[in-house]
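Trainee: Structure for the following, please:
(one chain, ligands or ions: 1)
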Amino acid sequence: MADTPLTVIGAGVVGLAVAARLAPHARDLVLLDRRERHGTEQSARNSEVIHGGMYYPPGSWKARLCVEGNRQLYEFCARHDVPHRRIGKVITAVEDDELGPLEALLARGLANGVELRFLGPAEMARLEPHVRSVGALLSPNTGIVSAHGLMDALLAQARAAGAVTRFRSEVTALERTSAGWRVTVGRGATAESFTSEAVVNAAGLGSDEVAARAGIDVDAAGYRLHCCKGDYFAVVPRKAGLVQRLVYPVPGQVSLGVHAIVGLDGRLRFGPDVEYLEGRALRYDVDAGKRATFGEAVRRLVPAIADEDLTPDTAGIRAKLQRAGEPMRDFVIAEESARGLPGLVNLVGIESPGLTACLAIADEVARLLDVPS
Ligand SMILES: Cc1cc2nc3c(=O)[nH]c(=O)nc-3n(C[C@H](O)[C@H](O)[C@H](O)COP(=O)(O)OP(=O)(O)OC[C@H]3O[C@@H](n4cnc5c(N)ncnc54)[C@H](O)[C@@H]3O)c2cc1C
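Mentor: I've put the predicted structure just below:
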């Protein structure tokens, strides 16, 4: 392979957004992925929600890039005909003791610059008559997007600006040399190397391994990832009209909680739950035995849905920096000159709201690499 000014490792939504943003400034940018095609891991297996940004601590990457990314994503989707809908979302308290945490969430959301409004039970009953509620928050700018439509548009934009894509190309070694980064793809007799002035590690569930291959002690750096599976169950079509908006519970410590997702195709699904996996063997089976547990979580929000109305659907795996039970960690977005690794940008732990934030993350990468806007 020819040498290049910039290599992006990973063609999920984040790597694609980075490639689309930087390709006009980096002739023959190379975008690599270990899979057969773009967007088959986290970016293909998520809730496809354009988040508002109320959950994250003010000032964090997650808060700032979600709020900015939300605005950018609606603009991008409108400009590039990516299917999306600004359907809005309610976060509902179902017991009186959840009203305090709901108010705290309202304050946090407003501090993050998110448009949010408190709804009393009467207004909720009018907007979402099938949803249990003693009070709720309405987020009008939360919406849904076709993740594949978005990724296809980003890939087309990157290619139109000259980006070169290489699939079935796992990055197996990264070495800093006097000429830049020596990037090795593949193993054994078929391994190939080329030099790249800068490298962006957007390898999702493999981003800690890529950072380690560049010589970083990922445990000392706090870059070690933990795979956290989330399953979804679908609701029978005749009950899909029970909710009009996305419906979320008041969040817990670990996740946003099993919530109702209205799809662009009109399907209603609930999920994802939280199941930490041992090791890195990615599996996407959905255990039908979880139906009763899901049913309980679902009926807390929408009592008219019975266990029999639920069927196992898809699953996704989140790249989390925190272990089970640990508090939320922020995204890692770092140019690594301080570690003696100039020109390497690591994007690690880009879990939710990474889909929403992808365009804003790409702008941040451009800033770190001194690329003009
Ligand atoms: C269950 C679930 C629900 C979610 N819901 C939402 C939501 O509603 N809204 C939202 O905003 N976000 C959501 N997210 C988060 C969002 O999906 C992710 O933040 C986003 O998809 C991350 O994109 P990525 O490009 O970083 O990672 P990925 O999409 O995982 O892409 C990384 C790519 O890197 C490649 N790769 C890995 N290692 C190597 C290597 N060594 N060499 C070459 N290629 C490599 C992989 O093959 C992969 O294609 C959810 C995530 C999950 C799992």
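Trainee: so Arg176 sits in a strand?
Mentor: Yes: under DSSP: H, G, I helix; E, B strand; the rest coil, Arg176 sits within a strand.
Trainee: how about the strands in the stretch 251-373 of the chain?
Mentor: Defined through DSSP state E, counting those that start in this stretch, the strands belonging to the stretch 251-373 of the chain, from first to last, are 259-262, 268-271, 275-276, 310-320, 332-335, 344-348.
Trainee: list the buried ones in stretch 288-297?
Mentor: Of the residues in stretch 288-297, those scored as buried under the neighbour-count criterion (16 or more other C-beta atoms under 10 Å) are Lys290, Arg291, Phe294, Gly295, Ala297. No exception for glycine: its C-beta is placed from N, CA and C like everyone else's.
Trainee: picking that back up, out of the strands of the stretch 251-373 of the chain, the one nearest Glu364 is which?
Mentor: Smallest distance to Glu364 across the strands of the stretch 251-373 of the chain (C-beta to C-beta): 5.6 Å, for strand 332-335.
Trainee: Show me what the closest one packs onto, helices and strands only.
Mentor: Under the contact criterion of 3 or more C-beta pairs under 8 Å, 6 or more residues apart in numbering; DSSP states H and E, strand 332-335 touches strand 344-348, helix 354-368.
Trainee: what's the most buried one of these?
Mentor: Among those, ranked by average contacts under mean count of other C-beta atoms under 10 Å, first place goes to strand 344-348 (a mean of 25).
Trainee: Output the contacting helices and strands for it.
Mentor: With contacts defined as 3+ C-beta pairs under 8 Å, 6+ apart, the packing partners of strand 344-348 are strand 192-201, helix 207-213, strand 332-335, helix 354-368.
Trainee: Need the residues that contact it.
Mentor: Counting contacts by C-beta atoms under 8 Å, 6 or more residues apart in numbering, the residues outside strand 344-348 that touch it are 14, 18, 174, 176, 181, 198-202, 207-208, 210-211, 214, 216, 223, 225, 319, 321, 331-336, 361, 365, 368-369.
Trainee: Each with direction, which strands does it pair with?
Mentor: Taking DSSP bridges as the criterion, strand 344-348 pairs within the sheet with strand 192-201 (parallel), strand 332-335 (antiparallel).
Trainee: residues making contact with the last one?
Mentor: The one in question is strand 332-335. For strand 332-335, the surrounding residues in contact (C-beta under 8 Å, 6+ apart) are 61, 222-223, 321, 342-349, 361, 364-365, 368-369.
Trainee: related to what we said a few turns ago, now the buried residues of stretch 288-297 in TSV, with pLDDT and distance to Arg280?
Mentor: Formatted as TSV, the entries for the buried residues of stretch 288-297 read as follows, by pLDDT from 0 to 100; distance: C-beta to C-beta, whole Å:
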residue	pLDDT	distance to Arg280
Lys290	96	23
Arg291	97	28
Phe294	95	26
Gly295	96	31
Ala297	94	28
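Trainee: Turn those into TSV, including distance to Ser43.
Mentor: Listed next are these as TSV, based on distance: C-beta to C-beta, whole Å:
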residue	distance to Ser43
Lys290	24
Arg291	27
Phe294	24
Gly295	29
Ala297	25
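Trainee: Inside helices: which ones of the residues you listed?
Mentor: Among the buried residues of stretch 288-297, the subset assigned to helices under DSSP state H consists of Arg291, Phe294, Gly295, Ala297.
Trainee: Taking those, tell me the two that lie furthest apart.
Mentor: Using C-beta to C-beta, these span at most 11.0 Å, a distance reached by Arg291 and Ala297.
Trainee: Contacts only, for Ala362.
Mentor: Taking C-beta under 8 Å, 6+ apart as the definition, contacts of Ala362 comprise Val14, Ala17, Val18, Ala20, Arg21, Leu22.
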